[in-house]
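Asker: Output the structure for:
(one chain, ligands or ions: 2)
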Amino acid sequence: MTQRSGKPRVLVVLAHFDDSRNPNGRPNFIPQGVGHAVLAGAFDRDRVDVALYSEFHSGPLLDERTLSWPDMLVLTGVTSAFDRMRQLAAYVRTKSPGCVVVAGGPAVRNLPLLSAETFDYACHGDVEELSEIVAAVYGPDAAAETMEPRFDLLTWSSPVNYAETSRYCNFRCSFCALTGERRDYLSYDLGVVERQLRSYAKRRIVLFVDNNFYGNNRAVFMRKLDMLERLHREGVLPGWVALVTSDFFAHQGHLDRARRAGCLGLFCGVESFSPTQLAAYNKRQNLVAPQVELIRSCLEAGIVFQYGLIFDPAVRALRDMEQELDFVLGCSTIPLPAFLSLTIPLLGTPHFDEAVASGRFLPDAKLRDMDGFTLLTRPRDGIEAVLPFVRQLAKIEGRGSDVARHAFGFWRRYRRSLSARQMVTLLMNSARLCTPAVLNGRRTGGLQAEETLTYVTTTQPLGPLYRPAFPVADRFAGHFSPTMITDADGELLPTIAANLAARRHPPRQPAQVAS
Ligand code: B12
Ligand code: SF4
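Answerer: Ligands and ions are numbered 1, 2, ... in the order given. Just a heads-up that it's a prediction; the model follows:
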């Protein structure tokens, strides 16, 4: 037992590096990550004091009092946040000696050896694995009998309620982190989902953060819609938004059924309008029907359609990518994308393996730069030529009149099928592409000279978080060095190769790190 007095104190942190080095977090961004709230459900409410912190929402956690507080630190975050998890581990071990550090998520799963060296418990399982650790560290009574998300502990109030009805995905797109993780799609028990939807203190629109809300079993999906329709009629569920895969749209009638069940919007991974590129991504589910038609039918059914586009300059010609952007800006049948990003060679994915095999990785590539905005691979048309396009993904420059023309055409076309609120949501998205600083906290100017972003991993500055905010013990100095993917020649580093090779057999026992 590591508690100092009274109840054990547990801090659950969603670790995050902002790609634009914005130090203030993005409180207005939707969706927020909810992993920390879900993990907090592992602890018994009466026997353990639990606090949550999201660096994505609130900015980097640097407050020394908060870092001195916990007996246990639990960390989650996307792949690029791994170094941030190491930094936070160094801070709490300095400020709260003896604090147990538990970490999980995609980076930990892909870097089992590095993670075992760094954290006391490096988790490769799902959130439920935390219950076993709680029981092992504090005894079985400290673990909750049933694990339910602790949204009540969020330090912020959200305009939407979050929920999940499934885990993972039945598709295997070449760039997706889930393909690298090779886990099976799993639907939750509908009774559990219903209980969660009824439990919210405030009736708000629910955002289902499932990777694939539709799933691989149509009968189960129809039962889910029945349940949502019932809750919608009862007034428990004012409306909902979910992430679906393109095969959802293949069935006539799904849109009307979803609308009746209270669906207000759907997000779908369009990724590209180029059939060749979709085939290269192994995203064949997007080839079953013309994508523009599918989007039109969704909007005409009164459901907002949102999507992202991803670009891979390593294999696509610059002209081709520019034409795709021109097409989207000129086509008022479809909304503008909710986000534009590079195709990331995320650790462990087929896309990563291809980049290694074809020697595409740039020299000195860093894990921290797997953020969708920094070039990690050699562009086919050369870095200098492609850079203006890459910068544009963060903020579309000089296309204000195209965006305004698009917005007007879109409004005219769909003003009868979409409500005023739905229309505003979509038009705000368009504005976000041009003015990200104002609308979602992305930092676009005013950086100090040393922090000027190059958008190329070899030269991209690490940013201020890689300098300890307060002195840490010498043995933790290494926690502030970046995790490198390639060497100065662009070759994969043996440490990364060894970690990826060890994924199937991660170290069984947690390494006990001296603190
Ligand atoms: C909200 C969200 C965001 C938020 C917050 C992300 C965050 N830090 O949580 C924001 C907007 C920041 C975001 C950004 C991006 N995201 Co995102 N996002 C999501 C989303 C919709 C929900 C995340 C969530 O809260 N899930 C619920 C929690 C409970 O599950 P989980 O985090 O998946 O964790 C599971 C396991 O990893 C494990 N686990 C995780 N942590 C821990 C800790 C412990 C101790 C244990 C035991 C287990 C454990 O348990 C869970 C399963 O039970 C997911 C899709 C999804 N449904 O997960 C995508 C997802 C995480 N995002 C993804 C992507 C690709 C991105 C972007 C790269 C997009 C882009 N191209 O720009 C950027 C990354 C930007 C950057 N700086 O790196 C990928 C994976 C990313 C990755 N591995 O790096 C996902 C899975 C979507 C997908 N299918 O492609 N995203
Ligand atoms: S459909 Fe989406 S979640 Fe599923 S593998 Fe493809 S990108 Fe990943």
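
Asker: would you list every one of the helices in the stretch 301-450 of the chain?
Answerer: Ranges of helices within the stretch 301-450 of the chain are 318-330, 350-357, 383-394, 400-414, 420-434, 436-440, based on DSSP state H, counting those that start in this stretch.

Asker: so what secondary structure elements neighbour the first one?
Answerer: Of the remaining helices and strands, those touching helix 318-330 by 3 or more C-beta pairs under 8 Å, 6 or more residues apart in numbering; DSSP states H and E are strand 304-311, helix 383-394, helix 400-414. Yep, even glycine has a C-beta here, placed from its N, CA and C like the rest.

Asker: do you know which of the helices of the stretch 301-450 of the chain lies nearest Gly215?
Answerer: helix 350-357 (22.3 Å; C-beta to C-beta).

Asker: anything in that closest one near ligand 1?
Answerer: No: counting by C-beta under 6 Å from any ligand atom, ligand 1 has no neighbours in helix 350-357; the shortest distance is 11.3 Å.

Asker: quick one: that helix near ligand 2?
Answerer: No: if you take C-beta under 6 Å from any ligand atom as the test, helix 350-357 misses ligand 2, and the best it gets is 10.7 Å.

Asker: Can you get me a residue count around Leu52?
Answerer: Counted with other C-beta atoms under 10 Å, residues neighbouring Leu52 total 24.

Asker: Next, the contact list for it, please.
Answerer: When contacts are counted by C-beta atoms under 8 Å, 6 or more residues apart in numbering, Leu52 touches Leu11, Val12, Val13, Leu14, His36, Ala37, Ala40, Arg150, Leu153, Leu154, Thr155.

Asker: so how far is Val134 from the closest residue to the third one other than its chain neighbours?
Answerer: When you say that, I think you mean Val13. Of all residues not flanking Val13 in the chain, Tyr53 sits nearest, at 4.8 Å (C-beta to C-beta, 6 or more residues apart in numbering). In this view, Tyr53 and Val134 are 19 Å apart by C-beta to C-beta, to the nearest Å.

Asker: Which one's more surrounded, the two?
Answerer: Val134 (25 against 20).

Asker: How is that one assigned, secondary-structure-wise?
Answerer: Secondary structure for Val134, judged by DSSP: H, G, I helix; E, B strand; the rest coil, is helix.

Asker: who in this structure is up against ligand 2?
Answerer: Selection of the chain residues close to ligand 2 by C-beta under 6 Å from any ligand atom yields Cys169, Phe171, Arg172, Cys173, Cys176, Leu178, Thr179, Asn211, Asn212, Thr245, Gly269.

Asker: what do you get if the cut-off is 5 Å, keeping everything else the same?
Answerer: For the chain, the residues in contact with ligand 2 (C-beta under 5 Å from any ligand atom) are Cys169, Phe171, Cys173, Cys176, Leu178, Asn211, Thr245, Gly269.

Asker: what about the helices and strands packed on helix 318-330, which gets the closest to Leu427?
Answerer: helix 400-414 (5.3 Å).

Asker: now the closest one against helix 420-434, angle please.
Answerer: Note on geometry: by axes from the mean of the first three to the mean of the last three C-alpha atoms, to 10 degrees, helix 400-414 and helix 420-434 are set 160 degrees apart in direction.

Asker: Run through who's touching helix 400-414.
Answerer: Applying C-beta under 8 Å, 6+ apart, the external contacts of helix 400-414 come out as 299-300, 329-333, 335-336, 396, 423, 426-427, 430-431, 433-434.

Asker: Can I get the buried part of these as one PyMOL selection?
Answerer: The buried residues among the contacts of helix 400-414 can be selected in PyMOL (16 or more other C-beta atoms under 10 Å) with this line:
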select buried, resi 299+329+331+332+335+336+396+423+426+427+430+431+433+434
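
Asker: thinking again about what came up before, tell me which of the helices of the stretch 301-450 of the chain is the most buried.
Answerer: Burial among those, expressed as mean neighbours by mean count of other C-beta atoms under 10 Å, is greatest for helix 350-357, which shows a mean of 19.

Asker: contacting residues around the residue in the stretch 201-350 of the chain positioned nearest to ligand 1?
Answerer: Here the stretch 201-350 of the chain gets closest to ligand 1 at one residue, Ser341, 3.7 Å apart by C-beta to the nearest ligand atom. Ser341 makes contact with Gly308, Leu309, Ile310, Phe311, Gly372, Phe373, Leu393, according to C-beta under 8 Å, 6+ apart.

Asker: now the residue lying closest to it once chain neighbours are set aside: how far from Val78?
Answerer: Of all residues not flanking Ser341 in the chain, Gly372 sits nearest, at 3.5 Å (C-beta to C-beta, 6+ apart). Note on Gly372: its distance to Val78, by C-beta to C-beta, is 10 Å.

Asker: picking that back up, how near is the residue of the stretch 201-350 of the chain closest to ligand 1 to Pro506?
Answerer: According to C-beta to C-beta, Ser341 stands 29 Å off from Pro506.

Asker: ok, now Thr349?
Answerer: Here Thr349 is placed at a distance of 18 Å from Pro506 (C-beta to C-beta).

Asker: Ok, Asp49 next?
Answerer: 30 Å.

Asker: Count the residues that sit near Arg45.
Answerer: Counted by other C-beta under 10 Å, the residues lying close to Arg45 total 14.

Asker: isn't it right up against Ala142?
Answerer: No: the pair Arg45 and Ala142 fails to qualify as a contact (C-beta atoms under 8 Å) at a distance of 10.6 Å.

Asker: of all the contacts of Leu52, which comes closest to ligand 2?
Answerer: Comparing the contacts of Leu52 against ligand 2 with C-beta to the nearest ligand atom places Leu14 closest, at 19.7 Å.

Asker: List the residues that contact that closest one.
Answerer: Listed by C-beta under 8 Å, 6+ apart, the contact partners of Leu14 are Gly33, Gly35, His36, Leu52, Tyr53, Ser54, Glu55, Phe56, His57, Thr76, Gly77.

Asker: let's go with 7 Å and repeat that
Answerer: Gly33, Gly35, His36, Ser54, Glu55, Phe56, Thr76, Gly77 (C-beta atoms under 7 Å, 6 or more residues apart in numbering).

Asker: and the two most separated of the residues you listed?
Answerer: Pairwise over those, using C-beta to C-beta, the maximum falls at Gly35 and Glu55, 11.9 Å.

Asker: Return the distance of Asp44 relative to ligand 2.
Answerer: For Asp44, the distance to ligand 2 equals 33 Å [C-beta to the nearest ligand atom, to the nearest Å].

Asker: Could you do Val390 as well?
Answerer: Applying C-beta to the nearest ligand atom, the value for Val390 to ligand 2 is 21 Å.

Asker: ditto for Asn217
Answerer: According to C-beta to the nearest ligand atom, Asn217 stands 15 Å off from ligand 2.

Asker: Now do the contacts for the spatially closest residue to that residue that is not a sequence neighbour.
Answerer: Once flanking residues are discounted, Asn217 sits nearest to Ser187: 7.0 Å by C-beta to C-beta, 6+ apart. Contacts of Ser187 were listed using C-beta under 7 Å, 6+ apart, and they are Thr165, Ser166, Gly215, Asn217, Val220.

Asker: Which of the residues you listed fall within strands?
Answerer: Ser166 (DSSP state E).

Asker: Which one of the contacts of Ser187 sits in the busiest neighbourhood?
Answerer: Compared across those, Thr165 has the highest neighbour count, 24 neighbours, by other C-beta under 10 Å.

Asker: in the chain, which residue is closest to the centre?
Answerer: By C-alpha atoms, centre = their mean, the chain has its centre lying nearest to Val78, at 5.9 Å.

Asker: Would you list the phi and psi of that residue?
Answerer: phi -80, psi 180 (degrees, to the nearest 10).

Asker: and the closest residue to it other than its chain neighbours, how many neighbours does it have?
Answerer: Nearest residue to Val78 in three dimensions, chain neighbours excluded: Pro106, at 6.5 Å (C-beta to C-beta, 6+ apart). Pro106 sits with 22 neighbouring residues when counted by other C-beta under 10 Å.
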